[in-house]
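Engineer: Below is the sequence, then the predicted model.
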Amino acid sequence: MSEEIYLSFRNIRKSFPGVIALDDISLEIYKGQIHALLGENGAGKSTLMNILYGLYHQDSGEIFLSGEKYEQNTPKNAIRHGIGMIHQHFMLIPNFTVLENIILGQPSPKPPKLEKEYFRNEILNVAKKFGITVDLDLLIEEISVGMQQKIEILKALYKGAELLILDEPTSVLTPQESQELFKMLTALNKKGTTIIFISHKLKEVMQISDRISVLRDGKLISTVNKSETTPHELSRLMVGREIITQYSKAEIKIGEEILILDDITLGDHHNQHRHLLKNVSFKVGQGEIVGIAGVDENGQKELAEIISGLRKPTSGKISMFGKDVTHCTTRQLIEMGMSYIPADRRNQGLVLDFKISENAILETHYQKPFTRGLSLQRKVIDKFANELIQEYDVRTPSINVPVKNLSGGNQQKVIVGREFLKKNHFLLVMQPTWGLDVGAIEYVHKKLLEAREKGVTILLISTDLEEVRKLSDRILVIYEGEIVGEVDSSTDIEEIGLLMAGSHKH
Amino acid sequence: MDAAWMTTIVTWLTMSIRMSIPLLFPSLGGLISQKAGVYNFGLEGMMLCGAYFGYYGSYVTGNPWIGLLLGMVSGGLLGLLLAFTSIHLRVSQLVTGLGIGVFGLGITGYLYRLIDIGTATTAATLFTNVDFGRLRSLPVVGEILLSHSWMVYAGFVLVILIAWFFFHTTPGLNFRAVGENPQVADTAGVNVILNRYLAVVVSGILASMGGAFLTLTQTAYFTENISAGRGWIAISAIVLGKFNPWGVLLACLLFGAADAAQMQIQVMNLGIPYQFLLMIPYILAMLAMVGFVGKVRSPAAMGKPYFKH
């Protein structure tokens, strides 16, 4: 491995209103290596890379590229210097074709004409060189997320990238797609591309990187060679303390049945012959955590919406706390003691333009003590919101910040805090830790287990199989809208995986 | 009977084209602005300024070209104002746009009263119709297609130019990307701010040309609110045309035809109260807005100011 320094950051500082995002970061990246930036959400990984790419500017500090001072960091200049960045949210326009997306911003050989055929040949040449197969005429919205990411990489390579920055590239991918991505990255790396890989997942960092830099709270904690470290050491550096990998669950006697689903079916109104949910029946007892495992888009969202009263089933019956609630409204269910943490936090969990304090009382704002008579009790609400951000460690300058300005992880903490602080007997939880960092995940898990010990009934719907296994007393597997199996948490992960993939059908 | 009907239809078609033009200019202007992601709700005000200053310039100098130029400058300046407030200051595009719309109505009405009341002596010099020589005497076609001023043909040429720009040039692709997702465009090295400024200023100029068309080819006089809401109808013509220049042309021809029809029916004295006929274009506009044309996909970033960190 060559030890030539390709890129170095010297004393980079950057602050945003209320937060120091980067605190005196100095870091070297060697040519031809895969260098991972590891850290929790908000550690400053993405900020550092956005500065390099020119989306932000550092308050102070310098960047050197191939030994020369790199100034005027703008995206255009970055591309000219062979830096390509694959953002967490893809920089692609859904109703443009793949070809149009790649040539966006490129100078035409015969200006101002859009020479599509010329570009097509050029791009196909690059694709061939790096072994990528693409159909350039499909619209972005027609292709899978994994494919979109390949297009992003191809776009960067086409623009002459010698350094690829990938920001949390696997967060949107299935495990198979992730493995495919890693194969592609390794191949690119062999052809001489330097890669910076931003991640908070230890496993993948250990799998593909040569060197690893750990960031925490805007500071560079350490840079190590992969061969000289262990996942254990990395996790300690990343979190600043040891993390628990197994929970000890209190023995609890499971009480009466709180939630009963009886033969729930939901038709697909776009397609008469299809069912989104089919004959779903199960029961959850008091003090029990039942996990619903499954690959995304197998009816979990619909199931959660039916249980929470947001949608009505085509047929079937639901009862909660011994009452038939099939026709109850969501507010009635909430008043009965249901709490719901939806997976789609931006659309179902929060009103993005509302302040944290307003979001903290979304479901209970009309009740005492938040409302007296007709007027909202500002002081009570603020006090409650302050307790929430403190207890749930929401990182924000104040409770008066609109939630849209918070990071995804902090938004989730607001929802989790709100639902847990409310009086509840039944928790419907969907993807509760999606987008959270290791520390926060552990915290949410601990809270769920605490609730269980207090006798709260919990239905946990998650595509994270590890999470379901760690927390649940029983696991139901959902596949294409049907419950295809019931297992317990000691069941082999491979076996659950096979059920999730629908193998019972064969 | 046949001959009379024939004449009526020929007149109607001729007028349809003529009436679609004062709609086509502001619609194309609005389209350009919206494609870059900025709502232009000030089209009506820009149109009125174009109509007034076009009239004024031509009336004072006796040269319609100077009038047109003056009108275009007024539209461009209003465009610049909208651009500055909505792109630079990131004020609500709706509020400033509506403000400009109302401002145009007020200022032109006021200025007009200052100079005089419309008598024969204050008529502006009009653009003459294009001379097609002997072709003009072709039956039917000659009347319908070849009896117009150059601005009518300019409108059609603009449609071709804009369609070519959007779909067959590199700057056009970049331009559309700015309206779909400015951040993507920015990361690809496209100058978002410049593109949006140009879009809104050009939008203002085109809208004012629509107004100038009224005073410099049709009436020779300015009257208060001469545009009669065409700047608002233009907004629905853009939706009806599904954000495509050719679609917008069709929509404008349709509205123009409706407008011409109501005029014709009034003349024919069919006993229908003319107020009902006057409603036709506006009803069409509402139908367009409620999705009569099916799913319309507007530029994704429309109305959203762009924040660069």
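Structural biologist: That came through fine.
Engineer: tell me which parts of chain A are close to chain B?
Structural biologist: Where proximity means Cβ under 8 Å from any Cβ of the partner chain, the interface of chain A facing chain B comprises A:50, A:53, A:55-56, A:74-76, A:79, A:85, A:87, A:91-96, A:100, A:103-108, A:111-114. C-beta coordinates here come from the backbone N, C-alpha and C atoms, glycine included.
Engineer: try 6 Å this time
Structural biologist: Near chain B, the residues belonging to chain A are A:56, A:75, A:76, A:91, A:93, A:104, A:105, A:108, A:112, A:114 when assessed by Cβ under 6 Å from any Cβ of the partner chain.
Engineer: Let's see the pLDDT reported for the residue of the stretch 1-150 of chain B found nearest chain A.
Structural biologist: Closest residue of the stretch 1-150 of chain B to chain A, Cβ to the nearest Cβ: residue B:37 (12.0 Å). For residue B:37, the model assigns a pLDDT of 95.
Engineer: gap between it and residue A:107?
Structural biologist: 23 Å (Cβ to Cβ, to the nearest Å).
Engineer: which stretches of the stretch 51-200 of chain A aren't confidently modelled?
Structural biologist: Along the stretch 51-200 of chain A, the parts satisfying pLDDT under 70 run over A:172, A:174-175.
Engineer: Can you show me the strands along it?
Structural biologist: All strands of the stretch 51-200 of chain A, identified by DSSP state E, counting those that start in this stretch, fall at A:60-65, A:68-69, A:83-86, A:163-167, A:194-199.
Engineer: Could you report the neighbour count for residue A:263?
Structural biologist: As a burial measure, the neighbour count of residue A:263 was computed by other Cβ atoms under 10 Å in any protein chain shown and equals 12.
Engineer: so what pLDDT did it get?
Structural biologist: Looking at residue A:263, its pLDDT is 94.
Engineer: my guess is it is in a strand, correct?
Structural biologist: Yes: residue assignment for residue A:263, taken from DSSP: H, G, I helix; E, B strand; the rest coil, places it within a strand.
Engineer: quick one, what contacts it?
Structural biologist: Residue A:263 is in contact with A:279, A:281, A:316, counting by Cβ atoms under 6 Å, 6 or more residues apart in numbering or on different chains.
Engineer: same question, residue A:260
Structural biologist: Taking Cβ under 6 Å, 6+ apart as the contact definition, residue A:260 lies against A:283, A:319.
Engineer: which residue packs closest to the residue of chain A found nearest chain B, ignoring adjacent ones?
Structural biologist: The nearest approach of chain A to chain B comes at residue A:105, 3.2 Å away (Cβ to the nearest Cβ). What sits nearest to residue A:105 in space, not counting adjacent residues and going by Cβ to Cβ, 6 or more residues apart in numbering or on different chains, is residue B:188, at 3.2 Å.
Engineer: What about the one you found, how many residues nearby?
Structural biologist: Counted by other Cβ under 10 Å, the residues lying close to residue B:188 total 23.
Engineer: sorry, back to before: and of the strands of the stretch 51-200 of chain A, who's closest to residue A:484?
Structural biologist: Comparing the strands of the stretch 51-200 of chain A against residue A:484 with Cβ to Cβ, the closest turns out to be strand A:194-199 (32.3 Å).
Engineer: List the buried residues in the closest one.
Structural biologist: Applying a neighbour-count criterion of 16 or more other Cβ atoms under 10 Å in any protein chain shown, one finds A:194, A:195, A:196, A:197, A:198, A:199 buried in strand A:194-199.
Engineer: Could you do stretch A:397-412 as well?
Structural biologist: Buried-residue list, stretch A:397-412, by 16+ other Cβ under 10 Å: A:399, A:401, A:403, A:405, A:406, A:407, A:409, A:410, A:411, A:412.
Engineer: gap between residue A:164 and residue A:216?
Structural biologist: To residue A:216, residue A:164 is 24 Å away according to Cβ to Cβ.
Engineer: cool, residue A:43 as well?
Structural biologist: Computed with Cβ to Cβ, the distance linking residue A:43 and residue A:216 is 5 Å.
Engineer: ditto for residue A:280
Structural biologist: The gap separating residue A:280 from residue A:216 is 43 Å, by Cβ to Cβ.
Engineer: These two - which one has more neighbours?
Structural biologist: In this view residue A:280 and residue A:216 are compared by other Cβ under 10 Å, and residue A:280 has more residues nearby, 24 against 18.
Engineer: how many neighbours does residue A:425 have?
Structural biologist: 17.
Engineer: Make sure it is actually in contact with residue A:336.
Structural biologist: No: using Cβ atoms under 6 Å, residue A:425 is not in contact with residue A:336, being 7.7 Å away.
Engineer: Write out the residues of chain B neighbouring chain A.
Structural biologist: Taking Cβ under 6 Å from any Cβ as the measure of proximity, chain B contacts chain A at B:168-171, B:173, B:177, B:180-181, B:184, B:187-190, B:309.
Engineer: Following element in sequence after the lengthiest strand in chain A, please.
Structural biologist: Among the segments of chain A that qualify as a strand by DSSP state E, the longest is strand A:271-285. Following strand A:271-285 in sequence order, the next helix or strand is strand A:289-293 (DSSP states H and E).
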